[in-house]
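In: How does the following fold in three dimensions:
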Amino acid sequence: METIITGAEARSRLLKGVNKLASSVEGTFGPQARTVIVQNPMGMPVILNDGVTIARAVTDQDPYVQMGIDLLKEVASEAQQKSGDGTTGATLIARTLSNGSLALMESGVSPLIIRDNLKELLKETEKYLDDFTMTKDDKHTRTGEPISWSLLDVATIASNNDRELGEIIASVVEGGGGVTIEKSPTYETYVRESSGLEINAGMAHTLMANMPRGRCELDNALVLTTTERIDTFNMIIPALESAVQEGRPLVVFCPDFNPQMLQNLLVNIVQGKVSVCLVKVAGMPQQQQEWLSDISASTGSKLFKQSLNESIVKVTSEDLGECEKMHSNATTTTLTLKENLPSLEEHTDALLDACVAEENEWLQEQMQNRLNRLTTGISTIYVGGASDVEQVETKERVDDAVNACRLALESGVVVGGGATLARIATILRSNGGDALFMGEDYNEDVLNLFCDALTTPVMTIMKNAGEDIDKEEIYESLNVGMQIYYNGNTGRVGDAFADGVYDPKEVILNSLRSAVSISALVLMTDVAIIAPTDTL
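Out: Model prediction:
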């Protein structure tokens, strides 16, 4: 087999991989979504309709086609990391852009012009998305109209129109605090409250993940906290030895680390020698110290303070804290804590006294936020099901819905079902005559391609609905009113405000950004090389 292919052949093989993966997830999109069954080498096949998990299972024997598959996997992965949802939409949009861009390129349009036009159109779309957003104060940004939307609507849509599941998810997210998801030991899905802490920082590398969708979960873990930068692998060897001796995993929280140290740690994780999750605490130095202080008190671990010349090289088993369970992804870490820890009670009492005594309003607010974080606790959603296969599928839907609800609270929502993007496509096309924002390199064919990509979600929903409908008539009707959308369950247009069909703005935006980014990479590819494994 050739180890190097160039030009149109390289792009064609990449595109074949892009199309293969997109076709695998296309049927899982929309209210009439179907599922995909994936062979599990460790046991029973798994039934899913989660884009990023399905994408990971797609392969091809042709290494060049596999490159295209892997590029599109990155789209789903980016959407998952940034939003926790929207992976299938991002994949389908990326396919439309990749196919169209290469077709334009082969017809003589410069790839640089295509790439630059797509980026400018993305910027313009972001502005329109802001205009169409409905924020939590129940106002529509574009019209100023009072519009009522609830988190229940978002949770129901994100969990594939399962209202009962949506009610559970919405109530948990609205209650604040951290959220974890586990399999239920029964048929029932229920929620249990426990002491816990959610941290706005995730695992240092995806190779630490031991669960689907890039998650790391550790049971009965030991905890090490330090304010010093971990410069060498030798610095954490004493803590690792203590964890190995006790047969328990280890979670390490620090303000920074040396990338070379991380590489050494990852080698040991991949080889199965240790079970570790390293978390770099977010924020400025003062914020990091506060986070580490809160984590230390919550887990009963000694906080090694660099300011006191304390180093983790001298750690003993007594210095390590513990937690019942740890969940971590790329952005968030959740600790389920042991009950009745004296260190936590003492810490919150001292923090409350400091908050009452503080005269600076801003500092007082920060302390109150820390108190709320420490006392709110963790809500665990235990997902029931008639079988393990059903539980896995439902658990993935719950995870998507929790992430969607959080983003909805943070950034607002837009009318769902692909209707908002289709509406923006109409606006862009109507402005295409002058396209002042595009500059002198404006190309109308790229504009039309981008608009086609924006309509991909709603067109896919129509396709999956399987109805005998006039797609053009439906598409035109979406622009009659701000709230009109295509109802994939009925095969007709409906009122999104009445039906409660909303998508978080950030989910849509992150899907678009990921899709444009990857399609540009495919477009600019001129050479594909299979590198010998000993050079990687």
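In: How much space separates the closest residue to Asn19 other than its chain neighbours from Gly272?
Out: Counting by CB to CB, 6 or more residues apart in numbering, Arg95 is the residue found nearest to Asn19 once chain neighbours are left out, at 6.3 Å. (Glycine included, C-beta is placed from N, CA and C.) Noted for Arg95: a distance of 37 Å to Gly272, by CB to CB, to the nearest Å.
In: that older thread, which other helices and strands contact the helix or strand in which the residue nearest to Asn19 is found?
Out: Assigned by DSSP states H and E, Arg95 belongs to helix 87-106. Counting contacts by 3 or more CB pairs under 8 Å, 6 or more residues apart in numbering; DSSP states H and E, helix 87-106 packs against helix 7-25, helix 51-57, helix 63-83, helix 111-132, helix 444-465, helix 505-523.
In: In TSV: those, plus mean neighbour count.
Out: What follows is the helices and strands packed on helix 87-106, written out as TSV (neighbours: other CB atoms under 10 Å):
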stretch	mean neighbour count
helix 7-25	20
helix 51-57	23
helix 63-83	23
helix 111-132	18
helix 444-465	21
helix 505-523	24
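In: With respect to Lys183, which of the ones you listed lies nearest?
Out: Closest of the helices and strands packed on helix 87-106 to Lys183 is helix 51-57, at 15.7 Å (criterion: CB to CB).
In: Residues touching the closest one, excluding its own?
Out: 21, 24-25, 28, 36, 38-39, 46, 48, 72-73, 76-77, 79-80, 87-88, 90-91, 212-213, 396 (CB atoms under 8 Å, 6 or more residues apart in numbering).
In: now with 6 Å?
Out: Here helix 51-57 makes contact (CB atoms under 6 Å, 6 or more residues apart in numbering) with 21, 24-25, 36, 38, 48, 73, 76, 80, 87-88, 91, 212-213.
In: State the mean pLDDT of the helix holding Arg95.
Out: Averaging pLDDT along helix 87-106 gives 90.
In: Stretch 380-388 now?
Out: So the average pLDDT for stretch 380-388 ends up being 86.
In: ok so, going back, of all the helices and strands packed on helix 87-106, which lies closest to Arg423?
Out: Per CB to CB, nearest to Arg423 of the helices and strands packed on helix 87-106: helix 111-132, 7.2 Å.
In: so how far is the closest one off the chain centroid?
Out: 22 Å (CA atoms, centre = their mean, to the nearest Å).
In: For Glu396, which residues are in contact?
Out: Asp50.
In: Please report the distance of the nearest residue to Leu341 once chain neighbours are set aside from Leu151.
Out: The shortest distance from Leu341 to any non-neighbouring residue, by CB to CB, 6+ apart, is to Gly300 (5.4 Å). Gly300 sits 35 Å away from Leu151, going by CB to CB.
In: do Leu14 as well
Out: 40 Å.
In: Show the contacting residues for the residue nearest to Leu341.
Out: Gly321, Leu341, Ser343.
In: Likewise for Ser101?
Out: Ile114, Ser519, Leu523.
In: cool, Met367 as well?
Out: By CB under 6 Å, 6+ apart, the neighbours of Met367 are Leu351, Cys355.
In: looking at this, it is in a strand?
Out: No - using DSSP: H, G, I helix; E, B strand; the rest coil, the assignment for Met367 is helix, not a strand.
In: what about stretch 461-477, average pLDDT?
Out: 76.
In: Please give the centre-to-centre distance between that stretch and its chain.
Out: Worked out by CA atoms, centre = their mean, stretch 461-477 lies 29 Å from the chain centre.
In: any residues touching the biggest strand by length in the chain, and which ones?
Out: Counting residues, the longest strand found in the chain (DSSP state E) is strand 216-226. Outside of strand 216-226, the residues within contact range by CB under 6 Å, 6+ apart are 203, 208-211, 239, 243, 248-254, 277, 292, 295-296, 299, 301, 303-304, 312, 320-323, 325-328.
In: Direction included, what does that strand pair against?
Out: When pairs are called by DSSP bridges, strand 216-226 turns out to pair with strand 250-254 (parallel), strand 303-304 (parallel), strand 321-328 (antiparallel).
In: Quick one: closest of those strands to Lys127.
Out: Here strand 321-328 is closest among the strands paired with strand 216-226 (CB to CB), at 34.6 Å.
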